[in-house]
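# I'll drop the sequence and a predicted model, then ask my questions.
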Amino acid sequence: MSQRRDRYPQYAKAALCQACYGSLRLARTLEQKAAQLLEAIPKPFLSLHLRFEPDMVAYSQCDYSGLSPASIEVIEAARGDRKPWTGELAHVWRKRGKCPLTPNETAFILQALSIPRNTNIYLAAGDGLVEIEGLKSTYTNVVTKSALLSGEDFLNMHGNTKAALDYYVSINSHSYVATFFGNMDKMVAAMRACKGLHNTLFLSRRAYAELTSEGLDGKELMQGLWMAHKEDFSMGRGYALPDCFCDFKL
């Protein structure tokens, strides 16, 4: 992604990108653990990178209504001096797509895209994810790495190492859906492009915020969300990939 600003011709950028991604490997022991995890997931499956950890919500400075007391408590503890926006600023901030999608909002968008409720979903997320029942109450076949892996070696893994497991599973999943567009999502999307796996989609936080601010709900909101994602969903590649150098044909 960072090679866009240099002066090399596109074929050279593509060669560099593909060489880097082609040589990228996990440490052998970690790749073995990741392969074990991948084998344990029911097939076919969708990998969902869901970002609604307390620190993520706190950093966004977004406020949410309807959260459980337990979720509010851990989010407030993570906020520290970083207070959420209020009034018109909060409205503008949300409409700009700055607020992470809740698990419940994510489930609603997946339904709007006609993703079957019995879809096998691997949850690529941190250990501190809150409000997860909002997703599991709609999509009942949700699995996590903590449920599929056991042993002291997994329990002692730190966050970045567990994220590497999510990365490996996500680049080898049948479909990949992300509620955010962070570094991991860019890496996964580009690697999937290299591998020719284009069932990759980034959910639009901005579209959800704009449509709900217009008062849409129920079937009208679902229709609006479908129209907002229709082109990317039909292409199966997501808005970030049309100019991805890893997808360039040499």
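That came in fine, so what should we check first?

# contact partners for Gly22?
Residues in contact with Gly22, defined by Cβ atoms under 8 Å, 6 or more residues apart in numbering, are Cys194. Heads up, the C-betas are built off the backbone N, CA and C, glycines and all.

# and if you look at Asn172?
Shown in contact with Asn172 (Cβ under 8 Å, 6+ apart): Leu38.

# do Ile121 as well
Phe45, Leu46, Ser47, Leu48, Leu135, Tyr139, Asn141, Val142, Val143.

# now a PyMOL select for only the buried ones of the residues you listed.
Command for PyMOL, covering only those of these found buried under the criterion 16 or more other Cβ atoms under 10 Å:
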select buried, resi 45+46+47+48+135+139+142+143
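
# pull the most distant pair out of the contacts of Ile121.
Spatially, the most separated pair among the contacts of Ile121 is Phe45 and Leu135, at 14.5 Å (Cβ to Cβ).

# that older thread, between the contacts of Ile121, which is nearest Ala190?
Ser47 (15.1 Å).

# may I ask which helix or strand of the protein has the lowest mean pLDDT?
helix 152-155 (a mean of 77; mean pLDDT, DSSP states H and E).

# got the contact list for the helix or strand following it?
Later in the chain than helix 152-155, the nearest helix or strand by DSSP states H and E is helix 159-171. For helix 159-171, contacts defined as Cβ under 8 Å, 6+ apart pick out 26, 30-31, 33-35, 37-38, 41, 47, 49, 122, 124-127, 145, 157, 176, 184, 187-188, 191-192, 195, 197.

# check which residues of helix 159-171 are buried.
Result for helix 159-171 [16+ other Cβ under 10 Å]: buried residues Lys162, Ala163, Ala164, Leu165, Asp166, Tyr167, Tyr168, Val169, Ser170, Ile171.

# pLDDT on stretch 198-206, on average?
Averaged over stretch 198-206, pLDDT sits at 91.

# and stretch 70-87, by the same measure?
Computed over stretch 70-87, the mean pLDDT rounds to 93.

# who touches that stretch?
For stretch 70-87, the surrounding residues in contact (Cβ under 8 Å, 6+ apart) are 54-55, 57-59, 61-63, 67, 90, 93, 128, 130-131.

# of those - the most surrounded one?
Greatest neighbour count in the contacts of stretch 70-87, by other Cβ atoms under 10 Å, goes to Val57: 26 neighbours.

# setting aside sequence neighbours, what's the nearest residue to that residue?
Ile75 (5.1 Å; Cβ to Cβ, 6 or more residues apart in numbering).

# could you report the neighbour count for that neighbour?
Neighbours of Ile75 under the rule other Cβ under 10 Å: 23.

# so it, which of the three states?
Secondary structure for Ile75, judged by DSSP: H, G, I helix; E, B strand; the rest coil, is helix.

# now do Val177
On the three-state scheme (three-state DSSP), Val177 is labelled strand.

# count the neighbours of Pro44 for me.
Count around Pro44 with other Cβ under 10 Å applied: 10.

# quick one: it from Ile121, how far?
11 Å (Cβ to Cβ, to the nearest Å).

# all helices of this structure, in order?
10-23, 28-40, 54-60, 69-79, 87-95, 103-112, 133-136, 145-148, 152-155, 159-171, 183-194, 205-213, 218-235 (DSSP state H).
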